[in-house]
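Visitor: mind folding the following:
(one chain, ligands or ions: 1)
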Amino acid sequence: MSEPILRVEGLRVAFDHPLGKVQAVDDVSFTLSPGERFGLAGESGSGKSTLALAILRMIKPPGRIDTGEVWLDGARLADLDEDGIRALRLAVIALVPQGSMNSLNPVLRIGRQIADAFADHGQHLGRHEEKRRIAGLLADVGLPETVSRMYPHELSGGMKQRACIAIAISLRPKVIIADEPTSALDVVVQRQVMATLARVQQDLAAAVVLIGRDMGLMAQFVDRLGVMYAGRLVEVAPIAEIITKPRHPYTRALIAALPSLDARGTLVGIPGLAPLLRDLPPGCAFHPRCPQARDRCHIEKPMVRDVGRAQVACHLA
Ligand code: SF4
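Guide: This next block holds a predicted model:
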C-alpha cells in the first residue's frame, strides 16, 4: 500500500464561548491515500467543515487546535510557519469552498483571481503564458475562455462553482478538499459540477475529501466514507460496505433518511435534533436519538474500534 498523502491523528479543535468550551472536532483520525476519494458526511454542525479548516490550518480565534497532528505529503504541518503553510496551500492542498459567491472576489475578473494564485506562489508569468494557462484551466472545468474577462456576478451559480474549481486546481494540488461544492445548486447543475470535479481529480490523480450531507451523492462519488457526529468520526468504511452494511446506528439513520423511489411520499427523518456542541449529553452523544441505546451508552463514551475493514465508535459494533 502507498504512503498516505494526508494523515490526521487525534485532531481536536475547540472554540472559546462565553458559556463554555465548544469541542467542535474531538479526537479525529483518518488517512487519505494518493488519488483516493474520501467522503465526510453528517448533519450541519457535526464538525465536518471545521475539520477541513483545521487540516488547512485556517482556524481563526476564538477557535484553536488543541491537540493532534496533520501530515501532508510527508510534511508535519506543526513544524511549518505561516509562510510554509501558505506555500502548501493550492500547490499541495486546495479548498473548493462552500458558497462560491462568497469565496470569489466580487470586484476582480475571474482571470485575475486565477492569476493571483500563480503570483502568490512566485510564478510570475509573461502575459501570453498567463493567458494560455488561464484558458487551459477554464477549459479543464468546462468554461469558455471569455469567462476570464467576466466578474463573478456575471456567472451562474454552477459557473461560479466551476471557476472556484479552476482556482483550486491552478497549481495542480495533490489533495482537493471540496466543502459541500454543490449546496444551493439545482440537481442538474449539481451533476455537472460533480462531473467536473471527478474529471479534474482524475486528470491530476489528486485525492479528494468531499464534505457533504447527501448520502446519495457520497455513494456515487467516494471510495471511502467517514461519518461525523458531534465532532467525532463515528464510522469509517469503504463506501460499498457502509451503504450495504452500516454498523453505526447514526449511519443507518442517515441512509434510512435517503428518499426512495419504492416508498413514494414517505420521508424518514432522524428523530430529535443534533446536540449543541457546548452541551453534549454524557456517554455516547447520539444516545438521546439512538433506537438501540443501552444503559451503558448513557454513561460511557464509545471508543473507536476496528471492525473488519471499518472503524466504528459504538458499544454495539
Ligand atoms: Fe447507540 Fe449506544 Fe451505539 Fe451510541 S454507543 S450509537 S447510543 S448503541
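Visitor: give me the number of residues near whatever residue of the stretch 101-250 of the chain ends up closest to the ligand?
Guide: Nearest residue of the stretch 101-250 of the chain to the ligand (Cβ to the nearest ligand atom) works out as residue 249 at 4.4 Å. In this view, the C-beta of every residue, glycine as well, is placed from N, C-alpha and C. Neighbour count of residue 249, defined by other Cβ atoms under 10 Å: 24.
Visitor: can you check residue 232 too?
Guide: 24.
Visitor: state the distance from it to residue 45.
Guide: Distance check for residue 232 against residue 45: by Cβ to Cβ, to the nearest Å, it reads 13 Å.
Visitor: show me what the helix or strand where residue 25 lies pairs with in its sheet, parallel or antiparallel.
Guide: Taking DSSP states H and E as the definition, residue 25 sits inside strand 20-32. Here strand 20-32 is paired, per DSSP bridges, with strand 6-17 (antiparallel).
Visitor: so for the partner strand, what gets flagged as buried?
Guide: For strand 6-17, a neighbour-count test (16 or more other Cβ atoms under 10 Å) marks 6-8, 11-15 as buried.
Visitor: and it, how far out from the chain middle?
Guide: 14 Å (Cα atoms, centre = their mean, to the nearest Å).
Visitor: residues touching that strand, excluding its own?
Guide: If you take Cβ atoms under 8 Å, 6 or more residues apart in numbering as the criterion, strand 6-17 is touched by 21-32, 47, 50-51, 54-55, 59, 62-73, 93, 175, 207, 209, 231, 278.
Visitor: do the same with stretch 137-154
Guide: By Cβ under 8 Å, 6+ apart, stretch 137-154 touches 100-101, 104-111, 114, 131, 134-135, 155, 159-160, 162-163, 165-166, 169-170, 192, 196, 199-200, 203.
Visitor: quick one: contacts for residue 280?
Guide: So residue 280 contacts 23, 230 (Cβ under 8 Å, 6+ apart).
Visitor: run through this structure and note the low-pLDDT ranges.
Guide: Low-confidence segments of the chain (pLDDT under 70): 1, 100-101, 261-266.
Visitor: contacting residues for the residue sitting nearest the centre point of the chain?
Guide: Note on the chain: the residue nearest the mean C-alpha position is residue 211, at 3.2 Å, using Cα atoms, centre = their mean. The contact partners of residue 211, by Cβ under 8 Å, 6+ apart, come to 39-40, 48-49, 52, 98, 177-180.
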